[in-house]
Structure formats: C-alpha cells, structure tokens
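# Let's see this in three dimensions:
(one chain, ligands or ions: 2)
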Amino acid sequence: MLLDFLKSDNLATRWKRPRKFDRNLIVIGGGSAGLVSAYIAAATKAKVTLVEANRMGGDCLNYGCVPSKALIRSAKLAHQMRKADRYGLAAHLPQVPFAEVIERVHRVIAEIEPHDSIERYTSLGVEVLEGYARLVDPWTVEIALNSGETRRLTTRAVIIATGAGPFVPPLPGIVEVGYLTSDTLWEQLRGRMDAPRRLVVLGGGPVGCELAQSFARLGSEVTQLEMAPRLMMREDEDAAEHVLASLEADGVRVLTQHKARACGLTDGRKWIEVEHGGEVQRVEFDELIVALGRAARLKGFGLEELGIEVDRVVETNAYLQTGYPHILAAGDVAGPYQFTHVAAHQAWFATVNALFGDFKRFKADYRVIPWATFTDPEVARVGLSEAEAKEKNIAYEVTRYGLDDLDRAIADSAARGFVKILTVPGKDTILGATIVGEHAGDLLAEFVLAMKHGLGLNKILGTIHIYPTLAEANKMAAGLWRRNHISPRLVALLGWFHRWRRG
Ligand SMILES: Cc1cc2nc3c(=O)[nH]c(=O)nc-3n(C[C@H](O)[C@H](O)[C@H](O)COP(=O)(O)OP(=O)(O)OC[C@H]3O[C@@H](n4cnc5c(N)ncnc54)[C@H](O)[C@@H]3O)c2cc1C
Ligand SMILES: NC(=O)c1ccc[n+]([C@@H]2O[C@H](COP(=O)([O-])OP(=O)(O)OC[C@H]3O[C@@H](n4cnc5c(N)ncnc54)[C@H](O)[C@@H]3O)[C@@H](O)[C@H]2O)c1
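Ligands and ions are numbered 1, 2, ... in the order given. Presented below is the predicted three-dimensional model:
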C-alpha cells in the first residue's frame, strides 16, 4: 500500500519538494489522453510539456482506430462488389492489389496526422518533447530525448498517459514462429502484393473481429480462434450472433471454445495448437495476428520506484489521482475502458484536477459511456446490456425493434440487426441501448444524448426524424415501447368515446 510506504518512508524526507517548478504540468504520452490533457492545459494558460517517445497521436492514430477503420472501408467495398447483385448490378470478383490497400491505410494516417502533430500542438502553446520520460522523484521528470540529450524538468503536476500495448501470451514457440499485432501489422504487411493466404486471428474481441472480417473480405482464408463460448463476450448474445453470422458468411472459420496452447514450425509449415473439449488440434497458417487484449504500459518510467500502485492499470481514485495527488493518470493506462473517446473524456478530469484540484476537484464521470465495434454489421452500445442488468439484478423491460422492418434499411438492402432498449419497468427512462446494424455507431448518438441528459423514450418519440433514414429506427423503437405501454383503461375509454360520438 502506498500509504504504508509513505508512512514508513516519509515523502518529505525522501524527496525534497522543489520550491519553484519549471512547469505546471508534464504529460507523459502523446496519445488520445495525453494530447487532450496538453491541449486543455495550454488553453488554460498553464505551462505544459508533452513528452512522446514514439509517434504523436499514439495507438489510435498510428496502429489502432484509424488504420483499422481505413482497412474496414476497403474491405467493405470489396464485399459490396462481390454482392453487387443485391443492388441489381453484376456481382464482381474484386481485384485486390493488397499493397495498394495498405498504402491507402498509410495515406489515411498521414492525412489525419497533422491533427496530432508537434506543429499543431506547439502552435496551441504546448511544448512537445520527443523522447522517453521517467519520473525520478514525485516532481521531477527526466526525458531521454530522441536527439540523445537528457533533460530534467520539475513540475507541479504530472499526468501519466502512457496507454496500453498488445498483450502477447507466452505461448511456447510463438516467438520462433513469428506473429503480428496491431502494433506491427500495418508496417509488416506493407508492400505485400496479396493478403496473407491463410491467416489465423487469435482472439474474438473487437480487434480480432474487425480484423478477421476485413482480411477475409480482402481475400485471406481466415480462422479465428476464441477460447470463450462465443465472440464479443462483452456484448449480449443476440448482438454477437449477428456478428458471428456475418463473419461466417464472409468465409471466416470461427472456432469458439478453442484455447491456443502452442505454436510451431514443422517442415517449413507454421501451425498453432488449440485445445477444444480436451482434444488438441493444429491449425496451419501463413500469418498469425494476436488480438488477445491490451496491457497497460506500466513499467520502465519510475512508477515502481515511487511506489505508485499498479495492478493491471495505474491505481487511481475517483479524481484520477494516484497515491500522490499531483500525479494523475488517464486513458488506457488508467482503465477501466480502452477507447479513444474515454481517454479524451478522462483527460478533461485529469487535467482540471491536476491544475486546479487544490481548489476544486471533479470525479471522473462514467455514467454514460458509449462504444462501437466496427464489424459489419456494427455493434454499438451505451449503458446496460441485458446480461449486465441480469448480473446486477437490475429490473428492466426490453423493447426490440428489428431493422428488417425499417424502410430505409430495406431500400439499402441492409435490413438486418436491431435496436434494443432497456428501460426502467413502467417508465420511459433508458437504462441502456444496443444497436446492431449499418452505422450503428452513428445511430447510437441519440441514445447517448438522451441518457446523458435524462431524456426518456417519449422525448425521442416526440422528435421529428427525417424519412427515410436509418435514424428513424430509434424513433420506431421508442414507438414500439409506447404502444406496449398504453393503458388498457385509456384504450377502453377511447373506444367508448368514439362509439358515443358516432351516436
Ligand atoms: C486495432 C485497434 C483498433 C481500435 N479501434 C478503436 C476504435 O475504433 N475506437 C476507439 O475508441 N478505440 C479504439 N481502439 C482503442 C484506442 O486505440 C485506445 O483506447 C487509445 O489509443 C488510448 O489512448 P491513450 O492515450 O490512453 O494511449 P495511447 O494511444 O497508447 O498513447 C500512449 C502514448 O504514450 C507513449 N509513451 C508510453 N510511455 C512513454 C514514456 N515513458 N515517455 C513518453 N511517451 C511514452 C506511447 O508511445 C504512446 O504513443 C483501438 C485499438 C486497437 C489496437
Ligand atoms: N471499435 C472499438 O472501439 C475498438 C476496436 C478495437 C479495440 N478496441 C479496444 O481495444 C481493447 C482490446 O481489444 P481486443 O480485441 O484485443 O481484446 P479483448 O480482451 O476484448 O478480447 C480478447 C479475446 O481473446 C480471448 N482469448 C484470450 N486468450 C486466449 C487464448 N489463449 N486462446 C483463445 N482466445 C483467447 C479472450 O477470451 C477475449 O475474448 C478492447 O477492449 C477495446 O476497448 C476498441
């Protein structure tokens, strides 16, 4: 415990707190959390230094959200060409010059890069240092600059925004056989003329599902291995079923309840050994993508030496403070979520608490956190899922509107998926919403706004939605809820009223 540590080894005697500071804030890590923290600090006229060891923009821009979404778009178009007959056009086997697809991914990164660039942040008033930061005492950060020099800066406050990296299990043989992760695949597959012929995707979470589908659509024979009973364990079963059906329709061989045990190379052929119901089998592959979760970056920059508590993430209180109130954490390194928009959300709380916390502190607010997985169909959620409501013993009602009924979805030949809303029994208060379908991530925004501002389904029903749009699905779902909640006494009364009016 940090408290015991501090008691036994008094903070003030072990480290001397500077009387003056070089900076108000040093932010370690230039990903989503770090960038937003530095931006807010500079906007409030704080003297702030942002230190990034690798690439500005962090994982989201360089290895995560941006490249994956660019790949998904190319893969979707290839899929649509194959399925063009759904739209009355001749179906077409797409030519996939894979090298060009990956070049486009890099072009997209390059086009977005200026948003996160050193130039932009410098112009906003942030000092950006390229190098590796390490806390040498609670108020001093040493930066091993990429230029080879070292700088030491004292600071009133620090935000740790070092993110997370792909978790690679110590499977026997995995290093020898070689593997890709989201960190390496964009560079390693660059220049390849074709997509990997036989690809194994290890993991059935969002990274695994998005990549498995994309590579299958771009021509790989994909086997996806997941040890849990189904894909996308965080989502409700009905949502995951849609994704499974879609992946299988794209040719992905999905093996659930298959746990990876070892990898190897026999006669020049790579394999992975998986265990299923006590039986062991080998799956051969040309490339292996490991997508088994992301581990927070916690080591090598002074946390242990300062006695800052870490478990799977940096331990923080509700204000995102570590045991040292002026050292805070935000983003993947702080958890509990691993999304760019949550990192940015936390950054606000961390920065305001770091700079002004001595006067007023704000608890990080996790009440309404949305996210989406960008498979086709997309799966988007805010608030409770049914499984969570059951697990937490929260009473709820479900309203489910199928997109096969929606005019625009039918016109688009995209009539699959649903809008599912959980409400407080007898009330229109939204507890959670899951949308499965085209553009689910965009459609969810209405429920996010409603939940954030306490608007119920009656308000959504009373709002005009443009015809014919996919967004109408939200209103349709609200309408369904309304119909199910009309009072039988009122209906009886209306029947009586109209009979009386007819005379
Ligand atoms: C394939 C993939 C797809 C994803 N898709 C989505 C999506 O669609 N939507 C979504 O919301 N999220 C998505 N994510 C998750 C998202 O990328 C992360 O949640 C987000 O990047 C977290 O931001 P962060 O600032 O906490 O960390 P990071 O982006 O990891 O940034 C941390 C930075 O700190 C730097 N650093 C670490 N230690 C030091 C040090 N000691 N000194 C200096 N610098 C240091 C690192 O180099 C890194 O650049 C995806 C992730 C992956 C892998
Ligand atoms: N669209 C998005 O917002 C998006 C996209 C990608 C990633 N992300 C973020 O990145 C995080 C990490 O995603 P992820 O998919 O890498 O991790 P994950 O933890 O969500 O999924 C990993 C899966 O691998 C399985 N697994 C673990 N060990 C295994 C083994 N030995 N054999 C077979 N299966 C095994 C687990 O059961 C789990 O289902 C997500 O939690 C999410 O927050 C977000």
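# gap between T266 and V175?
Note on T266: its distance to V175, by Cβ to Cβ, to the nearest Å, is 17 Å. All C-beta spots, glycine's among them, are computed from the backbone N, C-alpha and C.
# Tell me, how many residues neighbour L493?
By the criterion of other Cβ atoms under 10 Å, L493 has 11 neighbours.
# what about it, helix or strand, and which?
Applying DSSP states H and E as the criterion places L493 in helix 488-502.
# Quick one, grab the pLDDT at the residue most central in space within the chain.
For the chain, F339 is the residue whose C-alpha lies nearest the centre (Cα atoms, centre = their mean; 3.5 Å). According to the prediction, F339 has pLDDT 98.
# for ligand 2, what are the nearby residues on the chain?
Counting by Cβ under 6 Å from any ligand atom, the positions of the chain adjacent to ligand 2 are 169, 202-208, 210, 225-228, 233, 259-260, 291-294, 338-339, 371-374.
# hmm, which of those are the buried ones?
202-208, 210, 225-227, 260, 291-294, 338-339, 371-374 (16 or more other Cβ atoms under 10 Å).
# Out of those, which are close to ligand 1?
Restricting those to those within reach of ligand 1 (Cβ under 6 Å from any ligand atom) leaves V207, Q338, F339, F374.
# Can you tell me which of these is nearest ligand 1?
Taking Cβ to the nearest ligand atom as the measure, ligand 1 lies nearest F339 of these, at 3.4 Å.
# for the closest one, phi and psi?
phi -140, psi 150 (degrees, to the nearest 10).
# Likewise for the one 10 residues further on?
When read as degrees, to the nearest 10, the backbone of F349 gives phi -60, psi -40.
# That one reaches F362, doesn't it?
Yes: the pair F349 and F362 qualifies as a contact (Cβ atoms under 8 Å) at a distance of 5.5 Å.
# roughly how far out does the helix holding L493 sit from the chain middle?
Here helix 488-502 is found 52 Å from its chain centre; the criterion is Cα atoms, centre = their mean, to the nearest Å.
# Can you name the residues that contact the closest residue to ligand 2 within the stretch 151-300 of the chain?
Closest contact between the stretch 151-300 of the chain and ligand 2, by Cβ to the nearest ligand atom, is at G205 (2.2 Å). Contact partners of G205, counting by Cβ atoms under 8 Å, 6 or more residues apart in numbering, are M232, M233, R234, A291, L292, G293.
# tell me the pLDDT at it?
The per-residue pLDDT of G205 was computed as 98.
# Run through the protein and note the low-pLDDT ranges.
Applying pLDDT under 70 to the chain flags the ranges 1-13.
# and it, what are its domains?
Domain ranges of the chain: 1-57+116-163+297-357, 167-293, 377-488, per the TED database.
# what's in contact with the helix or strand where I112 lies?
In the assignment (DSSP H and E), I112 maps to helix 98-112. Residues from elsewhere that reach helix 98-112, judged by Cβ under 8 Å, 6+ apart: 57, 61-62, 66-67, 70-71, 74, 186, 189-195, 218-219.
# Now tabulate the contacts of G205 in TSV and tack on distance to V27 and secondary structure.
As requested, those are exported to TSV (distance: Cβ to Cβ, whole Å; DSSP: H, G, I helix; E, B strand; the rest coil):
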residue	distance to V27	secondary structure
M232	33	coil
M233	33	coil
R234	29	coil
A291	28	coil
L292	29	coil
G293	25	coil
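# so which of the residues you listed would you say is closest to D137?
G293 (32.8 Å; Cβ to Cβ).
# Name the nearest residue to the closest one, ignoring sequence neighbours.
Of all residues beyond its chain neighbours, the one nearest G293 is F167 (4.7 Å), with distances taken as Cβ to Cβ, 6 or more residues apart in numbering.
# L355 and T316, how far apart?
If you measure L355 against T316 using Cβ to Cβ, the figure is 16 Å.
# same question, G264
G264 sits 42 Å away from T316, taking Cβ to Cβ as the criterion.
# Can you pick out the residue with more neighbours from the two?
Under the criterion of other Cβ under 10 Å, the comparison of G264 against T316 puts T316 first, with 23 against 16.
# element containing the more buried one?
Assigned by DSSP H and E, T316 belongs to no helix or strand.
# so when I look at R134, I'm seeing a helix, right?
No: residue state for R134 (DSSP: H, G, I helix; E, B strand; the rest coil) corresponds to strand; a helix is not indicated.
# Quick check, it in contact with E304.
No: taking Cβ under 8 Å as the definition, R134 is not a contact partner of E304, at 11.1 Å.
# mind checking the SS state of V201?
Secondary structure assignment for V201 (three-state DSSP): strand.
# Across the sheet, point out what pairs with R294.
When bridges are called by DSSP bridges, R294 pairs up with P166.
# Double-check it against G165; I have them as touching.
Yes: counting by Cβ under 8 Å, R294 sits close enough to G165 to count as a contact (6.3 Å).
# how about the residue in the stretch 251-400 of the chain that ligand 1 sits nearest to, phi and psi?
Each residue of the stretch 251-400 of the chain has a distance to ligand 1, by Cβ to the nearest ligand atom, and the smallest belongs to G331, at 2.2 Å. In terms of degrees, to the nearest 10, the main-chain angles of G331 are phi 90, psi -160.
# all helices of the stretch 101-250 of the chain, in order?
118-123, 174-177, 185-188, 206-217, 237-249 (DSSP state H, counting those that start in this stretch).
# and among the ones you listed, the most buried is which?
Mean neighbour count, computed with mean count of other Cβ atoms under 10 Å, is highest for helix 206-217 among those, reaching a mean of 26.
# For the closest residue to A414 other than its chain neighbours, grab the count of nearby residues.
Computed as Cβ to Cβ, 6+ apart, the closest residue to A414 that is not its neighbour in sequence is E438, at 4.4 Å. The local packing of E438 (other Cβ under 10 Å) involves 21 other residues.
# How about G131?
Taking other Cβ under 10 Å as the neighbour definition, G131 ends up with a count of 18.
# quick one: it and V51 touch, right?
Yes: taking Cβ under 8 Å as the contact criterion, G131 and V51 are neighbours in contact, 6.1 Å apart.
# what touches both of those two?
Residues touching both G131 and V51 comprise I143, with contact defined as Cβ under 8 Å, 6+ apart.
# which one is G125 nearest to, not counting chain neighbours?
Per Cβ to Cβ, 6+ apart, closest to G125 is A42, 3.7 Å.
# I'd assumed the one you found was in a helix, is it?
Yes: assignment of A42 by three-state DSSP places it within a helix.
# can you count the residues close to it?
Applying other Cβ under 10 Å, we find 21 other residues in the vicinity of A42.
# which residues does the residue nearest to the centre of the chain contact?
Counting by Cβ under 8 Å, 6+ apart, F339 touches I369, W371.
# Distance of it relative to R294?
Relative to R294, F339 is positioned 11 Å away (Cβ to Cβ).
# try N353
Following Cβ to Cβ, the distance that separates N353 from R294 is 25 Å.
# again, but for D85
40 Å.
# cool, V352 as well?
Taking Cβ to Cβ as the criterion, V352 is separated from R294 by 26 Å.
# what does Y366 give?
Between Y366 and R294 the distance, using Cβ to Cβ, works out to 19 Å.
# Number of residues surrounding the residue in the stretch 401-503 of the chain positioned nearest to ligand 1?
Nearest residue of the stretch 401-503 of the chain to ligand 1, counting by Cβ to the nearest ligand atom: G441, 8.4 Å away. For G441, the count of nearby residues is 17 (other Cβ under 10 Å).
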